[in-house]
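Peer 1: Quick one: sequence plus predicted model below, questions after.
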Amino acid sequence: MISASSISTSNPFVRASYVLLFAGLAAGILAVPFSLRIALLPAVVVFGWSQIGGL
Amino acid sequence: MSLLGALTPLGKVARNYKLWFRAVLAYTVAGSVSAALVGGALGTIGQTLRWEAARWVALSLTVLLSLALAAREWEWVRFRLPERKRQTESFWVHDFGFVTASAMWGAHIGLGFATRVKYGGFWALVVAILALGEPFYGAVLMMVYWLGRALPVWIAPVLFKSVLDVGDFPETIYRHDLVYRRITGAALVWSAVVMILLAVR
C-alpha cells in the first residue's frame, strides 16, 4: 500500500501528499479523546486534497 | 480544466501576485459557500430521515461503504463511482476575467456533484453526512473537504520551485494517480474507525 520507496520521490506534490496524510492521521488520533467529530476532519481534508489527481 | 494549471502560472510565470491572490481567494471563498450549502442540505436530508433507533445501522453502513471504497482505491476490488463526466467551464475566463471566473469555478466545483469525482472519499463523506443527520456539522464537513481541495492551488507556487517546473506540471501530478489512491484509501480507513467509534458511543 504505502512503501518507503513511494515516499522517497522528488515530486513535491507526492511528498506533500504523504506529509498531509501522516500529519492528518496523527492529529486525528490525538483528537479522539476530545471530539470524534474533530477527529474525522483530517480524513476529510485528505479526501479533498487527493482530488488533484482527478482534475 | 485544471485550476492548478490555470492559476499557478499567474503567480509563478507572470509574477502577477496580486491577481493570483485575488483569483485564488475568490475561488476558495466561493467554493466554501457552495460546499457549505450542499453539506447543510445533505445534513438536513439526513435529519428528516429520522434515523434515531436505526442510527447505528446507518453508521455501520457508512463504515462498510468506506472500507469498500478503500479496497477500491488500493485496487483490491474494481467498481465504478457515480459521477458526472464533466469538468468546469474553461471559457468563463475569457468572458469574465480571471477573478470572476475563479469565483465561478469555485462555486461550481464546490458543489461536489457537478463535476468529476475520481476517488471514493467524496462519496464516503456524503453518506457520512446523511447518516449523522446534523446540518451544521454537514456544512462544516463539506467545507473542510473543499478547503482540502483548494489547498493545492494555494501551495502550488511554493511547491514548484522553478518556472520550468510549471510548464510540465499537469503531467507531474497526473502520473502519480496511485499516490492519491493510496492516501485516499488510508483516509477512508481512518474515517471508518471514527464512524465505528461514533456508532458505539
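Peer 2: That came in fine, so what should we check first? If you're wondering where the values come from, they're calculated on a predicted model, not measured in any experiment.

Peer 1: Give me the neighbour count for the residue lying closest to residue B:75 once chain neighbours are set aside.
Peer 2: Using CB to CB, 6 or more residues apart in numbering or on different chains and skipping residues adjacent in sequence, the residue nearest residue B:75 is residue B:181, 7.3 Å away. (Glycine included, C-beta is placed from N, CA and C.) Taking other CB atoms under 10 Å in any protein chain shown as the criterion, the count of residues near residue B:181 is 21.

Peer 1: which residues touch residue B:181?
Peer 2: Listed by CB atoms under 8 Å, 6 or more residues apart in numbering or on different chains, the contact set of residue B:181 reads A:50, A:53, B:73, B:74, B:75, B:119.

Peer 1: where's it, which helix or strand?
Peer 2: Assignment of secondary structure by DSSP states H and E places residue B:181 within helix B:177-200.

Peer 1: Check residue A:24 too.
Peer 2: Assessed by DSSP H and E, residue A:24 sits inside helix A:12-31.

Peer 1: Output the contacting helices and strands for that helix.
Peer 2: helix A:4-7, helix A:36-50, helix B:135-159, helix B:177-200 (3 or more CB pairs under 8 Å, 6 or more residues apart in numbering or on different chains; DSSP states H and E).

Peer 1: Residue B:72: what's it in contact with?
Peer 2: Listed by CB under 8 Å, 6+ apart, the contact partners of residue B:72 are B:78, B:79, B:120.

Peer 1: Make JSON lines from those and add neighbour count, pLDDT and distance to chain A to it.
Peer 2: Shown next, in JSON lines, are the contacts of residue B:72 (neighbours: other CB atoms under 10 Å in any protein chain shown; pLDDT from 0 to 100; distance: CB to the nearest CB, whole Å):
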{"residue": "B:78", "neighbour count": "7", "pLDDT": "93", "distance to chain A": "17"}
{"residue": "B:79", "neighbour count": "9", "pLDDT": "91", "distance to chain A": "16"}
{"residue": "B:120", "neighbour count": "25", "pLDDT": "92", "distance to chain A": "8"}
